[in-house]
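# Can you look at this prediction? I've put the sequence above it.
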Amino acid sequence: MNYTKFSNFSFDNYIKIYNYCDKIKNNKKKNIFKNKKMVMLFLKPSTRTRVTFEIGFKEEEGKVTFLSFRDTQLSRNETIEETIRILDMFYDVIVIRGYKQREIEIESKNPIINALTDKYHPCQIASDIYTLMKESKNYNLENKKILWVGEKNNLFNTWLEASKIFKFNLEALLPKNQKIKNIKNYYNFKQINKKYLAIATDTWKSMGERKKKKFKDFKNVTVNSKNLKKTKFFLHCMPAYIGKEVGDGVINNKKSLVWKAIENKKHVQKGIIYFLFKLLGRA
């Protein structure tokens, strides 16, 4: 079984993973990756996701190999499918940060984990939801309200999948002239007269994105400190661009869970890998 998108797992799967996280954090499970090997194939830059995967696996006595685009024959036009097939021969788990989702949706004997593609970022949202649950002291998000601020991108796509599994109400505050079907759309904060469990946002331009955008259409989707009155918590994938998707003082606001989510990411990713190993009878 692979974890290439959030919907690969059920609600019960996530609760089991989060219970593993708690035990791992409290040192009730130790050395869970001893004698295991993980390879990280990253075709895009990364700080938080790379560090949390790498240090997390090593903390549990696992061995890690990191490969960038230039480290491999991908730089000489070998396909990702061929590359993964080779890595699958030698490693127990493959973590990939890439571009096209379909390139990582392939069969393998060992688990493949999506560390970000242009379509999804499941590990990020799994960590955000775990953090929300811990900080709100409630594992039940059913009927809670979460507001996405920004355009439809890989983060939004993943939040949307999560809303169907955890049954929370996802709404969106969008740039001018954009629309998302089947959820409530807003175009400025003045239209909103309710309070959310969380407001989540992301940079206006994703990594590797080439299409030109009219950023003047994005002026209405800046989360400022005054907008935080409409939420209990705030989340951002990072890195943040002050004066664009967020105003000054938002990232370090007392309502911000940004730094806690980064810390929890290490534990959640450990939980995901451990869960996959358990399914395969290898843990």
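Arrived safely, thanks for sending. Numbers count the residues shown, from 1 in each chain.

# wait, what's in contact with residue 2?
Residue 2 sits next to 8, 104-105, 108, 111-113 when contact means CB atoms under 8 Å, 6 or more residues apart in numbering. For every residue, glycine as well, the C-beta is placed using N, CA and C.

# can I get the residues you listed in TSV with secondary structure and pLDDT?
Rendered in TSV, the data for those read as follows (DSSP: H, G, I helix; E, B strand; the rest coil; pLDDT from 0 to 100):
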residue	secondary structure	pLDDT
8	helix	98
104	coil	96
105	coil	96
108	coil	96
111	coil	98
112	strand	98
113	strand	98
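
# among the residues you listed, which ones are buried?
Buried subset of the contacts of residue 2 (neighbour count, 16 or more other CB atoms under 10 Å): 8, 104, 108, 111-113.

# among these, which two are most distant?
Using CB to CB, the buried ones among the contacts of residue 2 span at most 13.5 Å, a distance reached by 8 and 108.

# What is the three-state secondary structure of the residue positioned nearest the centre of the chain?
The chain has residue 124 as the residue nearest its centroid, 1.7 Å off, counting by CA atoms, centre = their mean. Of the three states, residue 124 takes helix under DSSP: H, G, I helix; E, B strand; the rest coil.

# Tell me the pLDDT of it.
Predicted confidence (pLDDT) for residue 124: 98.

# So which residues of the protein form strands?
37-42, 63-68, 93-97, 112-114, 145-149, 169-173, 185-186, 196-201, 231-236 (DSSP state E).

# contacting residues around the first one?
The set of residues external to strand 37-42 that reach it, using CB under 8 Å, 6+ apart, is 50, 53-54, 57, 62-69, 72, 83-84, 87, 90-98, 115, 273.

# pLDDT of that strand, averaged?
Strand 37-42 shows a mean pLDDT of 98.

# Partner strands of it and their direction?
Strands that pair with strand 37-42, judged by DSSP bridges, come out as strand 63-68 (parallel), strand 93-97 (parallel).

# Most tightly packed of those strands?
Across those, the average number of neighbours (mean count of other CB atoms under 10 Å) peaks for strand 93-97, which reaches a mean of 25.

# which stretches of the stretch 1-150 of the chain form helices?
Assigned by DSSP state H, counting those that start in this stretch, the helices in the stretch 1-150 of the chain fall at 11-25, 48-59, 80-90, 122-136.

# out of these, deepest packed?
A comparison of the helices of the stretch 1-150 of the chain by mean neighbour count, using mean count of other CB under 10 Å, puts helix 122-136 on top with a mean of 24.

# Show me how far that helix is from its chain's centre.
From the chain centre to the centre of helix 122-136 is a distance of 9 Å (CA atoms, centre = their mean, to the nearest Å).
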